[in-house]
Each structure stands twice: as structure tokens, then as C-alpha cells.
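*Asks:* Let's see this in three dimensions:
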Amino acid sequence: MSSGRRSSSSSRHSNGNIRISDDEILQLVSRLNQFLPRSRNARRPSTSKGSASKVLEETCEYIRNLQREVDDLSGRLSELLSTIDSNSPQAAIIRALI
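*Replies:* Numbering: from 1, shown residues only. Below is the predicted model:
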């Protein structure tokens, strides 16, 4: 699966931009929907522009939540690192995670 490849239904405009068909957008949104957690993904797959918009909104929110979790875990690891001997094997593991 190559993200740079488009199906033959895409057309290239004279300025070099690629136009993606509605069917391709819905297919991409459907694949994106598969990456959302099950609680958000429990409904049937998106088949319209409205539901595609909802999937994109949910995806953005999910990414924001993941970023908050990463920031929180990074802070917690930094705090933990400051409480242990910096030459210990545990400190080396924590530094590798940060």
C-alpha cells in the first residue's frame, strides 16, 4: 500500500494538482475510520460526505488526545528520571523512552 499512488480515477489539472474523486475520498476516510478506537468506530462505515466530515473531526480529536497523553507521559518520565540515580540502568531506559 503506497500512500503516493492514486487510482486511475484521479485526474491531473493543468497546474499539476491531483484531483481526488469523491469515491477515493470516501475510501480513504473509511480506511482512516478503521484506525479510530472501537468506541468511536462502532457505528457503520461512512458512506457520505457528512459522515466523512464526522470521521475527520473524530480523527483530529483523537490525535489531540494522543498528543496530550504523550505530553503527560513525557512529563511523568522526566519527573521519574529526576528522582533516580542518573547512572542507573533504569535511568538509561527512561532516557531512551523520552
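
*Asks:* so where is this protein shaky, pLDDT-wise?
*Replies:* Scanning the chain for pLDDT under 70 picks out the ranges 1-15, 39-49.

*Asks:* and the residue nearest the centre of it, how far is that from Ile93?
*Replies:* Centroid check for the chain by CA atoms, centre = their mean gives Ile63 as the closest residue, at 5.6 Å. In this view, Ile63 and Ile93 are 27 Å apart by CB to CB, to the nearest Å. Backbone N, C-alpha and C define where each C-beta goes, glycine included.

*Asks:* Also Asp85?
*Replies:* From Asp85 to Ile93 the distance is 13 Å (CB to CB).

*Asks:* can you give me the strands for this protein?
*Replies:* Along the chain, the stretches classed as strands by DSSP state E are 11-12, 18-19.

*Asks:* Partner strands of the last one and their direction?
*Replies:* Translated: strand 18-19. Strand 18-19 pairs in its sheet with strand 11-12 (antiparallel), by DSSP bridges.

*Asks:* the more surrounded of Asp85 and Ile93?
*Replies:* For Asp85 versus Ile93, neighbours defined as other CB atoms under 10 Å are more numerous around Ile93 (11 against 8).

*Asks:* Next, count neighbours for Asp72.
*Replies:* Neighbourhood size, Asp72 [other CB under 10 Å]: 10.

*Asks:* Okay, buried residues for the longest helix anywhere in the chain please.
*Replies:* If you go by DSSP state H, the chain has its longest helix at helix 49-82. Going by neighbour count (16 or more other CB atoms under 10 Å), the buried part of helix 49-82 is Ser51, Ala52, Lys54, Val55, Glu58, Thr59, Leu81.
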